[in-house]
Structure formats: structure tokens, C-alpha cells
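Participant: fold the following, please.
(chains A and B)
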Amino acid sequence: MASSAVRAQVAAKWQESFNRLNRNEPGISGLLAFSEAWTLATEFLRPRDLNDPTPRKQYDLNQVRVAFGVIGECRRLPVMMEVFLEDMRKSQHLITREVEVHMALYESNSDPESIRTLVYRLVEWYDTWKPTTDLGSTIISAYTLAFQTHLFSVLPPSFARGIKALISATLERIICQSQDPQDRVLWQAFDTLSLIDRYETLIASIGYEIIESHVKETCAGKWAEPMLGTLRTWMIDKIVPWMLYPFARGATNADEAKTMMQGVGSRFDFHMHKTLCTLRTNEMFDIIVDFPDSTGALQDLKECLARVDQRADLVHALRRAINKRLLHPGADTKDILTQYVSTIKCLRIVDPPGVLLFKVADPIRRYLRDRPDTIRCIVASLVGDGESEDSLVDENEPIQPLQQPEMENYSDPDWNPEPIDAGPDFRASKSSDIISTIVSIYDTKDLFVKELQVLLAQRLLAVKDGNIDRERRNVEILKIRFGEAALQVCEVMLRDMTDSRRIDQHVQSQKASQMHPTIISRHFWPALESSDMVMPGQFQILQEQYAKEFSVFKPDKVLRWLPHLGRVHLQLELDDRTLEADVPPLEAAFIELFSENDIWTVDELVLRVGSVTRTAAIKALATWVDMHVLKEDSEGVFRLLNVAEGPTPESRPQILKPVAGELPPVMSVQQQQAEQMKIYWKFIEGMLTNLGSLPLDRIQTMLKFAPGYDRTVEQLGGFMEAARREGLVSVKDGMWRLGK
Amino acid sequence: MKVHIKHWSAVAQWRWNTGNTAHDQDDEGDVCGICRVPYEGCCPSCKMPGDDCPLIWGECSHVFHMHCLLKWLGTAASKQQCPMDRRAWVTAERKANDPSSTTVS
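Facilitator: Down below sits the predicted model:
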């Protein structure tokens, strides 16, 4: 079949191969030598089982090298490599078993140390099987690749968890300053098995996690100092040394290491900022509450926001917190205002252009506008009502006129466009004046001036010692803010106060009087509720005397009393005691009437003083009852206690009841029910008289026949219990009977 | 029982004694015929009411803010007449009412 040409070709090939192996040695000695060398080399390279107890055969390395030389000469090295890899493949079950054994151990005890043992063991395997470096890098890299391919294919998923724990431990050791020389070895082992490359994301995640937990641990709730600096130092001190292992391995000098770590380093740095930013974002509401003790946190946040784009998140989170925690009916208007002012101040620090503030403030402003008492609150804090220590207005802030929103000046060389995230209706408030911002909640400042006037009136009329310096100062301050013209009315009010004192001094010098009236200019004071009350007895005499003196002093003016306003300081001289009281005029009028007569009914009293409501009258009488000067003998009839009487237990609540409500005396639901129950008591009494003792449900059943009875057994039970306490009925084993 | 008043900080309003008792009872009060501002207010050129912006009485029984009237008399068109009834303006002597009747309680 085969042609001679083919035969000749095969023979030539054969001859060529033979010659190559025989290397022109005499006979077949070359062939033999090659065969020997091959055997030695493959034997030397064959992967051996580490667990094999027989000691490793010692090779003369020179011989081995010679053998490699022979094989190389015959250009048989690639074949030898294939054989070696094949051998290795056959031995791979050893590795598999090793991995399985250790992973089983790890899974049973979750101790990262078993992972460490495994890693070391694997390195041992790797090193044992590794061909000598004489064979060149090609064969070593082929070997490494084959080894790793197999290794990675057999590593179970739990290995990732294990190695993570192991690496975290190294990081923690660095953080705790307890450097373990073992770690260097471990990282080298990782490197040998190229585990670092494979698990790079995992290693990075360890970094992220530790940064996250550290930031949360050290910064949460600590707002006084800026934390970023400390965090950066921490990163440099703790994280960077650790990062050197996985991310800068093989670096020969610091510069090189720096370049290698640049990428991951900036990612870590970013992550730190992001974590802090998220943390502060979530804490923002409380940071604002704590302001100004939380300035540090705000500076941090500002810096973080410059790096991390989370402004939208901040707005969102803060708005949500404000909606949830602030803008609900349970919150005091004053608190809302305080928080609003703090928000303004805080966000000014975080974001000077004011975009964040604009976005956050909008719902607060809308909410405040809807609250009825907002203006009152603002005005009260404008003048500083003395009770609250933290006034909305910063004392140190220069007082300045209210600022009107100004138009953009485009010819300004420093003009800047609005920030990129500003909405279409964003109005840059260049002013830093809090009051202007608050007042701008409303479209007009007239409302404020009106409210201010009312407040000033209340405070002036409440002034007792005639010292109005404080009010004068407030008005002066407010004049700067609201303008002179707006506060002209207040100026008149203040002058009325001083004039009143001057007039009073003059009148007193002419004819001393216990009366020291405040004479006001009507039309300049807010509408004071008018009253046709007539002061009785010596009060009227005093009024007339004073008015007379006034008309002498100011011949073209007359006085018109507002008898229901003011306060009277009285001394009551009773038979057994003397007491002093500082009371409103109505109270004084009543007690004056009681000096004429010891017993009065409410209606008679009301008739004497003129138009006062019954409720007001009862309230005024209750004041005296509380002081044990009067006593309500029966409803609407009051008697003067010339001699003190101890308050009887049942009399007190009776009197206090009408006082409790300002509304016309309407019986409460409970009172009405009790009243009805009195009717049914007659039925019950009859039942128990006729039938002896009855259980509760029998009584209930029978009462149901009564017209209009709609009580439940429980209500009946409660009523019967009340009757028992009064001794009307008694109960034994659930049977009710009359009497004890 | 005896009631001693130690101190009474009362409140009162002052009114011009225009001799018109009906006006005293009237809550709205009369207005100056020139500026239409109540007597107890002040004329447009004043800021403080009361003694700083007094009234002026005419023999014709008309009453104005003094500043308003003087301004009126200062104009040529006034011919020194009362703006209400066009009689020659004669400032009345202050009517001294019986002080006892000035009290309105």
C-alpha cells in the first residue's frame, strides 16, 4: 500500500528523531542517556503526597540539572512539561482532599485559624510541587496557573467567609497596635496563592466595613468637634499600614507604594466621607436641635457634601424628619420657630448659598403661616419675653432693618449664577438676618406691628412699678427693624405711660390718693374690651376725686375710666384676721359690696356692678372663696366669713365646678347621668324593699322595664358600688340588699 | 369687715372736654372737621396726641385741631372764616365747665 516515497519519508523522520535523541552519540548510548535523564527528571518533578510518610528521596541537584540539560538539548522540555502537568492533574485529588478536610473543620468551628492552617498548607503543597526555577519561567507560570485553576475550582464558597474573617483579624490587630509578625507571612502566603487578586473586592469590603463601623462608633452623636480630622488621622495610622499588605505588595519604596495605593486609597477616603455624610444626614434633625453645640458636625457635613453628592439626600431626610417630628399639632409654635431658626443657622454653615435651606425651609414656612399663633410667638420673641432664655434673636447679632428681597444685580462683577441644584423658584437670600427671614414668612409686616402693639399694651398695663425702660428699649430695637413710622403708635403708648406718671405725681401732690391710674390715648392703643362696670363704694369716690384733680390739672381734658382693667391691692380687716390681696377690679368691687352686707346672691352682685357676665362674677367670687373670705352657702348665695371657717370637704368642689369652665354653666355629661340615675334609684330601692336581696343582672333586667333606661350592667354596677360607699346598700356574694 | 385700698393701678382714657357730654358717651368720638381725624387723635402733621396737638374752640361752637385750623386760616381762601359755617373765626375763651360734671365713670 504505502508507496516507497512514504516509506522513505517515515524513515527520514525516524532517523531525524533518533538523531535528535541520540545526539550523535555512538550507538544508542545517547538514547540511553536521554532515557535515564527523562526518568530522573520526571521522577524529580512528580508531585508527591505531603502526607506520604516516606521521607523524600534526596536528589543530587547537579544530576537533576544535567538531566534537564539533556532533555533540553533534545528539545523534549515541552513534552516533559506536559507530562508533569498531567502528573499534577492526577495528584490534584490530594489538594482537593486537603481543602475539604480543612473546610469541614472550619465549617464546624468557624475558627478562621483553620483557614490560616489551610492557606499555609496549600502554600506548602504549592512549593513542594513547584518545578525548579532552572526550568525557566514558562513552566513555572504554567504550573502556577494549573495549580490555581484547580485550587479555585475546589474552594467552597465558605472559604470566602473564612478568609474575610482572617483578614479582618489582621486589620484589627493593626488597629490595636499589636503587630503580629505572622501577618506578614500570611499575606505572603496569600500572595503566593494569588488569593489577593482573586479576593480583592472582598478585601476592599473589609476596609469599607471597618471604616463604616469606626465612623459610626466614634462619630455618632458626637457633634461638638469636627471629626473629619481625627478620622483622617485614624485612616493614616490604621488603615494605610494594613493596606500596604494587599494593595502595595511588591512596592520597593514609599513613593511606589503610594502610587499603587492611590486608587484604593481614594476609594476608602471617599467611603469614609460618605459614611460620615450619611450618618450626619440621618442625625441632622438632632444636630439642629443641639445647635450651637453641634457646630463641629456641621463643618464636617459641609466638607463631606463637597466630596459626596448627597445634598438631595440631606434635604429629603431632613424634610422627612421635620415633617415627622416638628410639623404636627403636638409641637409648640415656639419650638417650631426655635427649630426653624436653628435650621437657618445650621444650613447656612453647611451650605452658604442657601439652596438647601430654601428647600428645607419651605414646608416649615408654609406650616407656620397656617398656625394662628405664629405671629404672636415671633413678636414675643422679638421683644424677648424674659421667660425664655433662648430667644430667637441672637443678642450679639447687630440689629438691622428688615431686608427686602433685592433684585439680582447682573452688572455686579462678583455675580454668580444660582447653584446647580437650585429650583426654579429659588430666591437667594443674601441676608443673614434671621428676623428678616422669619418676618418674610408673611407677605406683610403690618401684621407684626399690630400684634406688637397688642403685646406692648398688655405688658405696659401689667407694669406695676412704672418702670418701662425695658419696653422702651424693645420699642427702640424694633424701630430699627420695622422702621420709625410703623412703630409711631407704640411711641405714643410709651409716652402715655410717662405722662401718666407725671400727672399722677402732680395729682398726688395736690391730694394724695391710693389711686395711680394709667391714662391712655385712645385710638393709639389696641382696642381694649370695653365694659360698663361701675365700681361701688369707696372705689367710686376715689375715681371721682381723682378725675376732679385731673380736670383741675388739665382743664380741657376729662377722664373716662376703664374700671375693668388694672389691679387693686387691698387690705381686708375681718373680725379675726387681716389679709392682703392683689386682685382684679371686679374682685375688689365684690368685696367692697360685702363690706356693706354679709350675704349676697350672685345676681344681686352683678346688678350692683353693672354689666359683667355671670361666669366672670362667679370666677371673681371663687377667688375670694379660695382665700376663705367668702363661702357659698347654697348655690349662688355667698356669705362673708367674718370669722374663719375651715373648708368643709363637700363645699369646695361645688364651688370650684363653675369656675373650672369659662363657658356658661352647663352640666357635664357625668352630672347629667348621675341626675338621671337618681330617678332609677327609686326603682331600685323599691325592688330591694319588696324582694329582699337581688343579684345585679336581676336588677338590670327589671330596670329595663323602666322608661328610658339605657344603662349597661357595668354602669349599673358602678352606680350600685357608689351607693354602697354611701351606705345605702350592701352586697354579699353578689346579692345586693338595702342598708348595712 | 373693712376694706382698705392700698394701691389701685387703674386705667383710664382721656378725652377732650368739648363740653359736649353726648360726645363723651359716644364711643366713636367726634372728628375734626378739617382732617377728619378724631379729636383724641392727632392732626396729620403731628405725631403725638394730647397736649402736643391741642384743640381750638371757636365762638361758633366748632372745634378743630388747632394745627389744622391755623393751617386753614393761613391760606388766602379761608378769609379768616370758620370752615364749617363761614362765620368769621373767633377763638373762644376756654369754656370752663363745672369740674364735677366732667367725670365720666
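
Participant: what are the ranges of the strands in the stretch 501-650 of chain A?
Facilitator: For the stretch 501-650 of chain A, strands defined by DSSP state E, counting those that start in this stretch occupy the ranges A:518-520, A:557-573, A:578-583, A:599-601, A:630-634, A:637-640.

Participant: looking at the ones you listed, which one is packed in the most?
Facilitator: Compared across these, strand A:518-520 shows the largest average neighbour count, a mean of 23 (mean count of other CB atoms under 10 Å in any protein chain shown). In this view, the C-beta of every residue, glycine as well, is placed from N, C-alpha and C.

Participant: direction included, what does it pair against?
Facilitator: strand B:2-16 (parallel) (DSSP bridges).

Participant: how about the residue lying closest to A:Leu228 once chain neighbours are set aside, what does it touch?
Facilitator: Once flanking residues are discounted, A:Leu228 sits nearest to A:Asp300: 5.0 Å by CB to CB, 6 or more residues apart in numbering or on different chains. For A:Asp300, the contact set (CB atoms under 8 Å, 6 or more residues apart in numbering or on different chains) comprises A:219, A:226-228, A:276, A:280.

Participant: what mean pLDDT does the helix or strand A:Ser436 falls within have?
Facilitator: If you go by DSSP states H and E, A:Ser436 is part of helix A:434-439. For helix A:434-439, mean pLDDT is 76.

Participant: could you list the low-pLDDT ranges of chain B?
Facilitator: B:19-29, B:94-105 (pLDDT under 70).

Participant: does any bit of the single longest helix found in it sit next to chain A?
Facilitator: Looking across chain B with DSSP state H, the single longest helix is helix B:66-74. No. If you take CB under 8 Å from any CB of the partner chain as the test, helix B:66-74 misses chain A, and the best it gets is 11.1 Å.

Participant: ranges for the helices of chain B?
Facilitator: Under DSSP H, chain B gives helices at B:21-25, B:66-74.

Participant: okay, the longest one in PDB with CA atoms only?
Facilitator: Looking back up the chat, that one is helix B:66-74. What follows is helix B:66-74, C-alpha atoms only, in PDB (Å, rounded to 0.1, in the frame of the first residue of the first chain):
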ATOM      1  CA  MET B  66     -55.500 123.700  66.500                       C
ATOM      2  CA  HIS B  67     -52.900 122.900  63.900                       C
ATOM      3  CA  CYS B  68     -55.500 122.100  61.300                       C
ATOM      4  CA  LEU B  69     -57.300 125.400  61.900                       C
ATOM      5  CA  LEU B  70     -54.200 127.500  61.900                       C
ATOM      6  CA  LYS B  71     -53.200 126.000  58.600                       C
ATOM      7  CA  TRP B  72     -56.600 126.700  57.200                       C
ATOM      8  CA  LEU B  73     -56.500 130.300  58.500                       C
ATOM      9  CA  GLY B  74     -53.100 130.600  56.900                       C
END
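
Participant: which SS class is the nearest residue to A:Arg184 once chain neighbours are set aside?
Facilitator: The shortest distance from A:Arg184 to any non-neighbouring residue, by CB to CB, 6+ apart, is to A:Tyr245 (7.6 Å). When classified by DSSP: H, G, I helix; E, B strand; the rest coil, A:Tyr245 comes out as helix.

Participant: hmm, A:Tyr245 is touching A:Ala189, no?
Facilitator: No. Applying CB atoms under 8 Å as the test, A:Tyr245 and A:Ala189 come out as separate, 11.3 Å apart.

Participant: give me the more crowded residue out of those two.
Facilitator: Neighbour totals were compared for A:Tyr245 and A:Ala189, and A:Tyr245 leads with 21 against 18 (other CB atoms under 10 Å in any protein chain shown).

Participant: for stretch A:73-84, the averaged confidence score.
Facilitator: Mean predicted lDDT for stretch A:73-84 stands at 78.

Participant: so how far is that stretch off the chain centroid?
Facilitator: Offset of stretch A:73-84 from its chain centre (CA atoms, centre = their mean, to the nearest Å): 72 Å.

Participant: can you report how many residues neighbour A:Lys359?
Facilitator: A:Lys359: 22 neighbours (other CB under 10 Å).

Participant: what comes into contact with the helix or strand encompassing it?
Facilitator: Take DSSP H and E as the rule and A:Lys359 turns out to sit in helix A:355-370. Residues outside helix A:355-370 that contact it (CB under 8 Å, 6+ apart): A:311, A:314-315, A:318-319, A:322-323, A:326-327, A:333, A:336-337, A:339-340, A:343-344, A:347-348, A:350-351, A:374, A:418-419, A:421-423, A:426-427, A:429, A:441-442.

Participant: need the residues touching each of A:Tyr245 and A:Ala189.
Facilitator: Residues touching both A:Tyr245 and A:Ala189 (CB under 8 Å, 6+ apart): none.

Participant: the residue nearest to A:Leu228: helix or strand, and which one exactly?
Facilitator: A:Asp300 belongs to helix A:295-307, assigned by DSSP H and E.

Participant: list the buried residues in that helix.
Facilitator: Residues of helix A:295-307 classed as buried by neighbour count (16 or more other CB atoms under 10 Å in any protein chain shown): A:295-305.

Participant: can you redo the residues you listed as JSON lines with pLDDT?
Facilitator: As requested, those are arranged in JSON lines below (pLDDT from 0 to 100):
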{"residue": "A:Thr295", "pLDDT": "85"}
{"residue": "A:Gly296", "pLDDT": "86"}
{"residue": "A:Ala297", "pLDDT": "87"}
{"residue": "A:Leu298", "pLDDT": "87"}
{"residue": "A:Gln299", "pLDDT": "87"}
{"residue": "A:Asp300", "pLDDT": "86"}
{"residue": "A:Leu301", "pLDDT": "87"}
{"residue": "A:Lys302", "pLDDT": "88"}
{"residue": "A:Glu303", "pLDDT": "87"}
{"residue": "A:Cys304", "pLDDT": "88"}
{"residue": "A:Leu305", "pLDDT": "86"}
